[in-house]
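# structure here, sequence nowhere to be found:
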């Protein structure tokens, strides 16, 4: 069952972060008026726009003040479909769904317009994604890519690529080609994502940075700091201070899980640099 997660980030001191992800996400952003491109009326003074984000190694931060953000993780079959699309895997961009699939964007927007609350909109997203998968939307994914992705995710990135290839009964070269075709990402990039997401989850639980570096299979704290800076834009210590306490992050519908499984995190922006690496909301960008 797909899970929809909703973050309410209207406060001027709070922004929404979409974590690095091995799978693409369908993202709904709701705001007042026509601030968003290609928006659809959602009742009252609200309008919403649909985007696709990921798979990608770096996070995507939305600006402060949006009324509502919802995300649904798409099935692996959408990774291959999106891998060649401009902006979906090359940087922290949100690509309008209508740019990739106009008919689907129009139909989902129609359903969302009939929903009367954040929960109803989230459930409408879940229903739409479930129907897309059952209807065969997306592209076929090789058994090697599926198996490899599952191994890397279950190991939280703490596994050698050679061992993954061995478990999939293929060469490292064939593994690389299979995952690249399915997700737009190389095996080592998927391992980095899994390792970092595990570290973020441990931070949300209040673990010490020394413990996290060891538990999340980083070589040392310096290695963890470099990965956080590159993939999230902040060193672990700053990220931990900005992260909202566990339990106040988001609302999750149709599934329960850890902080990272909800996909969306709320971050305090009180001391957020203007030129932050993840500071740009790029709707429909073609590179990065």
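Nice, I can see it. Remember, predicted model here, so these are calculated numbers, not experimental data.
# give me the distance from stretch 192-204 to the chain's centre.
How far stretch 192-204 lies from its chain's middle: 13 Å, per CA atoms, centre = their mean, to the nearest Å.
# can you give me the strands for the stretch 1-150 of the chain?
4-7, 14-18, 25-32, 40-41, 46-53, 60-62, 68-73, 93-96 (DSSP state E, counting those that start in this stretch).
# elements contacting the last one?
To tie it back to what came earlier, the one meant is strand 93-96. In terms of contacts (3 or more CB pairs under 8 Å, 6 or more residues apart in numbering; DSSP states H and E), strand 93-96 is packed against strand 46-53, strand 282-283. All C-beta spots, glycine's among them, are computed from the backbone N, C-alpha and C.
# who does that strand pair up with?
strand 46-53 (antiparallel), strand 282-283 (parallel) (DSSP bridges).
# what's the most buried one of those?
Of all the strands paired with strand 93-96, strand 46-53 has the most neighbours on average by mean count of other CB atoms under 10 Å, namely a mean of 24.
# now the angle from that one to strand 14-18?
On the basis of axes from the mean of the first three to the mean of the last three CA atoms, to 10 degrees, strand 46-53 is oriented at 40 degrees to strand 14-18.
# what's the angle from strand 46-53 to strand 68-73?
Strand 46-53 and strand 68-73 are oriented at 30 degrees to each other (the same axes, to 10 degrees).
# circling back to that earlier point, rank the strands of the stretch 1-150 of the chain by pLDDT, which is bottom?
Of all the strands of the stretch 1-150 of the chain, mean pLDDT reaches its minimum on strand 4-7 (a mean of 66).
# what ranges does this structure have for its helices?
Along the chain, counting by DSSP state H, helices occupy 77-83, 97-100, 102-114, 118-134, 143-154, 161-167, 172-183, 187-204, 209-215, 221-232, 236-242.
# could those go into CSV alongside mean pLDDT?
Converted to CSV, those look like this (pLDDT from 0 to 100):
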stretch, mean pLDDT
helix 77-83, 65
helix 97-100, 83
helix 102-114, 88
helix 118-134, 79
helix 143-154, 94
helix 161-167, 97
helix 172-183, 93
helix 187-204, 94
helix 209-215, 95
helix 221-232, 96
helix 236-242, 90
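# mind checking which of those is nearest residue 17?
helix 221-232 (7.6 Å; CB to CB).
# that closest one vs strand 14-18, what angle?
Using the same axes, to 10 degrees: helix 221-232 against strand 14-18 is 100 degrees.
# just how off-centre is helix 221-232 within its chain?
Put simply, helix 221-232 sits 18 Å off its chain's centre (CA atoms, centre = their mean).
# buried residues of it, list them for me.
221, 224-225, 227-228, 231-232 (16 or more other CB atoms under 10 Å).
# as TSV, the residues you listed with distance to residue 97 would be great.
Shown next, in TSV, are these (distance: CB to CB, whole Å):
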residue	distance to residue 97
221	40
224	34
225	35
227	30
228	30
231	25
232	25
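# just name the closest of the residues you listed to residue 76, please.
residue 231 (21.1 Å).
# from residue 16, how far off is the closest one?
Residue 231 sits 17 Å away from residue 16, going by CB to CB, to the nearest Å.
# go on, residue 95?
17 Å.
# cool, residue 189 as well?
Here residue 189 is placed at a distance of 23 Å from residue 16 (CB to CB).
# neighbour count: those two, which is higher?
Legend: neighbour count by other CB atoms under 10 Å for residue 189 and residue 16, higher for residue 16 (25 against 21).
# I'm done for today, thanks for sticking with me.
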